[in-house]
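Undergrad: A predicted structure for the sequence below; I have some questions about it.
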Amino acid sequence: MDNLSKPVKILIGLLTIWPPIWMVMFVISLIGNGVIAVVEQPGREFLDGLRFFAIMIPHMLTVFLMSGLMIFYIVHVIMTTRIAENKTKALWAALLYLFNMLAMIVYWFMYIWPEPKVAAGEAEQTSG
C-alpha cells in the first residue's frame, strides 16, 4: 500500500479535501436559502423541491465519499510500513476516526504524498 502512483495520490488528495470544501458550501447554501426564504419571499418554504435535491444529493454523495475515505485511510494505517510502531498506528486510527476531515488531510501530507524512502542497499541494487 506504500507504492501508490502519483496520479492515485493526487486523486486521493483531491477526494480528501472535498468534504471540508463541501461543508463550507453546504452551510453557505443553507444560510443563503434561509435568508431568501425569510427576507425576500416570506411565503416560500425554506428548501422547496429542486433546491432540496440540489443540496441533498451532493451532500449524501459526500457522506458516502467520507465513509469510503475513512475505510481507505484506516486500512492504509494498518497496512503501511511507514509507521513502525503499533501504538502510533492505533493513535492514527483513533485520530482518523475522531477528527476525520482534519486528520485525513494531515495524514495524506505526512504518509501518502511523500515518496517512500529507499534504503541505501536497495538504491544500489536498482541503480547498478
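TA: Great, that's in hand.

Undergrad: for the residue positioned nearest the centre of the chain, what are its contacts?
TA: Most central in the chain under CA atoms, centre = their mean is Thr16, positioned 2.5 Å from the mean C-alpha point. Listed by CB atoms under 8 Å, 6 or more residues apart in numbering, the contact set of Thr16 reads Leu69, Met104, Ile105, Trp108. To be clear about C-beta, it is placed using only N, CA and C from the backbone, and glycine gets the same treatment.

Undergrad: in stretch 92-108, what's buried?
TA: Using 16 or more other CB atoms under 10 Å as the test for burial, stretch 92-108 gives Trp92, Ala93, Leu95, Leu96, Asn100, Met101, Ala103, Met104, Ile105, Tyr107, Trp108.

Undergrad: quick one: low-confidence ranges for the protein?
TA: Within the chain, the ranges that satisfy pLDDT under 70 run 36-38, 40-47, 118-128.

Undergrad: where do the helices sit along it?
TA: Per DSSP state H, the chain carries helices over the ranges 6-35, 49-79, 86-98, 100-107, 120-127.

Undergrad: ok and the fourth one relative to helix 86-98, angle-wise?
TA: Here helix 100-107 runs at 140 degrees with respect to helix 86-98, directions being taken by axes from the mean of the first three to the mean of the last three CA atoms, to 10 degrees.

Undergrad: output the contacting helices and strands for helix 100-107.
TA: Packing partners of helix 100-107 (3 or more CB pairs under 8 Å, 6 or more residues apart in numbering; DSSP states H and E): helix 6-35, helix 49-79, helix 86-98.

Undergrad: so how far is the shortest one from its chain's centroid?
TA: Shown here is helix 86-98, whose average C-alpha point lies 16 Å from the average C-alpha point of the whole chain (CA atoms, centre = their mean, to the nearest Å).

Undergrad: Provide the contact partners of it at residue level.
TA: Here helix 86-98 makes contact (CB under 8 Å, 6+ apart) with Met70, Tyr73, Ile74, Val77, Ile78, Ile83, Ala103, Met104, Tyr107.

Undergrad: many thanks, have a good one.
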